[in-house]
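[1] What shape does this take:
(one chain, ligands or ions: 2)
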Amino acid sequence: MSNVVSSNHDGDSEKFLTPVASALRDSGYIVLDGVFQTEALQLLLIDIKNRSSDEFHVAGVGRSQGYQKNPFVRRDRICWLSETTPQAAFYFKWMKALQQKLNQNFFLGLNDFECHYAHYPKGAFYKKHLDAFKDKTSRRVTTILYLNPAWSPDNGGELIIYEKDSEQILEKVEPFFGRMVIFLSEDFPHEVLPVNKSRYSLTGWFRNDGQPVVS
Ligand code: OGA
Ligand code: MN
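    Ligands and ions are numbered 1, 2, ... in the order given. Take a look at the predicted model:
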């Protein structure tokens with residue numbers, strides 16, 4: 001894999017901010033391992049698993065009038081997360097620091113962040129898509145944090161990142177525990193291959209208009 005930054009956690013999550021900003025400028029995406037402490041991530045995973053199934057709903061595609069649930073496109077279940085969730089405080093803090101860094105470096109004008117837990121039950125997938133379309137939405141940067149301990153390659157569920165307007169695969173990412181993927185939302189079509197085992201993540205987007213998305 002190219003574009004992968006790995007580090008043993010030494011308590012300094014903020015040291016990753018500069019590599020993220022540089023990668024978004026140079027190639028538009030990055031895969032990071034070891035940003036957050038294992039204990040914090042374990043509590044986050046417990047929070048996902050403790051939520052009842054009615055807090056999770058079938059995810060949809062499209063926005064506003066075009067919004068629909070389409071089981072041929074995606075089969076994950078999502079649960080929007082609020083900043084008041086104590087188990088996620090460390091995550092929101094880091095995302096705020098990243099927002100500031102990206103605004104300082106690129107003048108992206110990011111002024112909002114939204115995120116949801118995602119659960120892909122066995123058999124679930126998400127077909128190739130873009131998280132944002134130029135002029136139609138204000139999602140600018142996608143962040144995905146994976147929460148799958150002891151994930152093995154035969155569980156499937158890889159994230160495939162494609163080159164823009166092409167079938168060329170840029171990266172095949174295993175959803176390992178604590179791994180994070182960050183990319184420019186408008187530039188990278190991607191898909192999640194079918195999973196053979198429950199797959200958990202926390203997915204977030206930086207926006208630049210402050211309008212909530214329906215999903
Ligand atoms: C999404 C998405 C990818 C992943 O939620 O839009 O593409 O690896 N997720 O979970
Ligand atoms: Mn996506």
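[2] Return the per-residue confidence for residue 137.
    If you check residue 137, the pLDDT there is 61.
[3] do residue 10 as well
    69.
[4] Looking at the chain, which residue is nearest ligand 1?
    Nearest residue of the chain to ligand 1, counting by CB to the nearest ligand atom: residue 159, 3.6 Å away. For the C-beta atoms, the positions are set from N, CA and C on the backbone; glycine is no exception.
[5] in terms of contact, does that residue touch residue 142 like I think?
    No - judged on CB atoms under 8 Å, residue 159 makes no contact with residue 142 at a distance of 10.5 Å.
[6] returning to what we had before: ok, how many other residues are close to the residue of the chain closest to ligand 1?
    21 (other CB atoms under 10 Å).
[7] go on, the one 10 residues further on?
    Burial measure for residue 169: 11 neighbouring residues, criterion other CB under 10 Å.
[8] helix, strand or coil for the residue nearest to residue 81 when sequence neighbours are not counted?
    Excluding its sequence neighbours, the residue lying closest to residue 81 (CB to CB, 6 or more residues apart in numbering) is residue 115, at 5.2 Å. Taking DSSP: H, G, I helix; E, B strand; the rest coil as the rule, one finds residue 115 in the strand state.
[9] I'd say residue 115 and residue 83 touch.
    No - checked against CB under 8 Å, the pair residue 115 and residue 83 is beyond contact range at 9.2 Å.
[10] More neighbours: which of these two?
    Higher neighbour count among residue 115 and residue 83: residue 115, with 22 against 13, using other CB under 10 Å.
[11] confidence score at residue 107?
    76.
[12] Show the backbone phi and psi for it.
    phi 50, psi 40 (degrees, to the nearest 10).
[13] Same check on the one 5 residues further on?
    Main-chain dihedrals, residue 112, degrees, to the nearest 10: phi -150, psi 150.
[14] Skipping adjacent residues, who's closest to it in space?
    Using CB to CB, 6+ apart, the closest residue to residue 112 is residue 207 (4.3 Å).
[15] Are stretch 31-49 and ligand 1 in contact anywhere?
    No - against ligand 1, stretch 31-49 shows no contacts by CB under 6 Å from any ligand atom, the least distance being 11.0 Å.
[16] How far off centre is the longest helix anywhere in the chain?
    Longest helix in the chain, counting residues (DSSP state H): helix 89-106. Distance, stretch centre to chain centre, for helix 89-106: 15 Å (CA atoms, centre = their mean, to the nearest Å).
[17] what does stretch 116-130 give?
    For stretch 116-130, the distance to the chain centre is 11 Å (CA atoms, centre = their mean).
[18] mean confidence score for it?
    Here the average pLDDT along stretch 116-130 is 95.
[19] Sheet partners, orientation included, of the least confident helix or strand in the chain by mean pLDDT?
    The weakest-scoring helix or strand in the chain, judged by mean pLDDT, DSSP states H and E, is strand 4-6 (a mean of 77). The pairing partners recorded for strand 4-6 under DSSP bridges are strand 29-33 (parallel).
[20] Rounded mean pLDDT for the strand it pairs with, please.
    Strand 29-33 shows a mean pLDDT of 97.
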